[in-house]
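> Need a 3D model of the sequence below.
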Amino acid sequence: MNTTIESSFEQLQEMIKDIRFAMFVTHAENGQLHAWPMTTQKAKMGSNQEDYEHDKLWFFMSRSSDPVANLLANPHVNVSYADPKSDTYVSVSGMARLVDSMNQKERFWNTMTEAWFKEGITDPDLALICVHIDSAEYWSVREGKLAQAGKMLKATLMGERLTEMGEHGKVTPHR
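Got it, this is the predicted structure:
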């Protein structure tokens, strides 16, 4: 049996902290879903960790881009993470908003972002997007590849359905 585990936002952030790229999904004007690869921004070292909000994700985008136009029209977004090496997969649903705070931009600004915005942190095309997490799900396999293959082979040979391979969890705010 596959067991669903309730997890915290802190555990979710720990799972995605080393996954460099996410697929940021928005609703286009015609209702279709569109996904773009984005880098989740991390607050600079030295930022007050007590102020760190585990229920939020941050992204820099071009203000004139389709993802920003889409989320301004419909703020419901999905952000998906995948790390096949560690067998960790995360899907986050939330509400996105544009944040026009220079203090917030400075918290996340880094040299990698600078390559995308020629005028730096003051570039008028720079948009900081905050996704407030409504809910998330994750799938994580803690066993090695050999143990996974063994479970699959056993289920196949025994004519059984494989029902459990790792951990499945949900993260929802406590309201």
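> Low-confidence ranges, this protein, go.
Along the chain, segments meeting pLDDT under 70 span 1-7, 45-52, 142-166, 173-175.
> Show me the helices in it, by range?
For the chain, the helices defined by DSSP state H cover 9-16, 66-73, 102-108, 111-114, 145-158.
> Residue 66 and residue 38, how far apart?
Distance, residue 66 to residue 38, using C-beta to C-beta, to the nearest Å: 12 Å. Glycine gets a C-beta too; all of them are placed from N, C-alpha and C.
> So the two - more neighbours on which side?
Just comparing residue 66 and residue 38: by other C-beta atoms under 10 Å the higher neighbour count belongs to residue 38, 17 against 14.
> which one's the longest strand in this protein?
Ranked by residue count under DSSP state E, the longest strand found in the chain is strand 126-140.
> Quickly run through the sheet partners of that strand, with directions.
strand 56-62 (antiparallel), strand 88-99 (antiparallel), strand 167-171 (antiparallel) (DSSP bridges).
> closest to residue 28 out of those strands?
Closest approach to residue 28 among those is made by strand 88-99 (14.2 Å; C-beta to C-beta).
> Give me the contacts around stretch 65-77.
24-29, 34, 36, 38, 61-62, 93-98, 127, 129, 131 (C-beta atoms under 8 Å, 6 or more residues apart in numbering).
> Tell me the spacing between residue 14 and residue 78.
Computed as C-beta to C-beta, the residue 14 to residue 78 distance reads 20 Å.
> Which of the two has more residues huddled nearby?
residue 78 (19 against 12).
> neighbours around the nearest residue to the more buried one once chain neighbours are set aside, how many?
Sequence neighbours aside, residue 25 is the residue nearest to residue 78 in space, at 4.1 Å (criterion: C-beta to C-beta, 6 or more residues apart in numbering). The local packing of residue 25 (other C-beta under 10 Å) involves 20 other residues.
> So residue 25 sits against residue 33, correct?
Yes - Residue 25 is within contact range of residue 33, at 5.5 Å (criterion: C-beta atoms under 8 Å).
> So for the two, which residues contact both of them?
residue 78.
> what's the spatially most central residue of the chain in contact with, if anything?
Nearest to the geometric centre of the chain sits residue 79, at 4.5 Å (C-alpha atoms, centre = their mean). Neighbour list for residue 79: 22, 23, 24, 25, 38, 40, 57, 91, 92, 94, 131 [criterion: C-beta under 8 Å, 6+ apart].
> The residue nearest to residue 64 when sequence neighbours are not counted - how many residues pack around it?
Nearest non-adjacent residue to residue 64, counting by C-beta to C-beta, 6+ apart: residue 125, 5.7 Å away. Residues lying near residue 125 (other C-beta under 10 Å) number 14.
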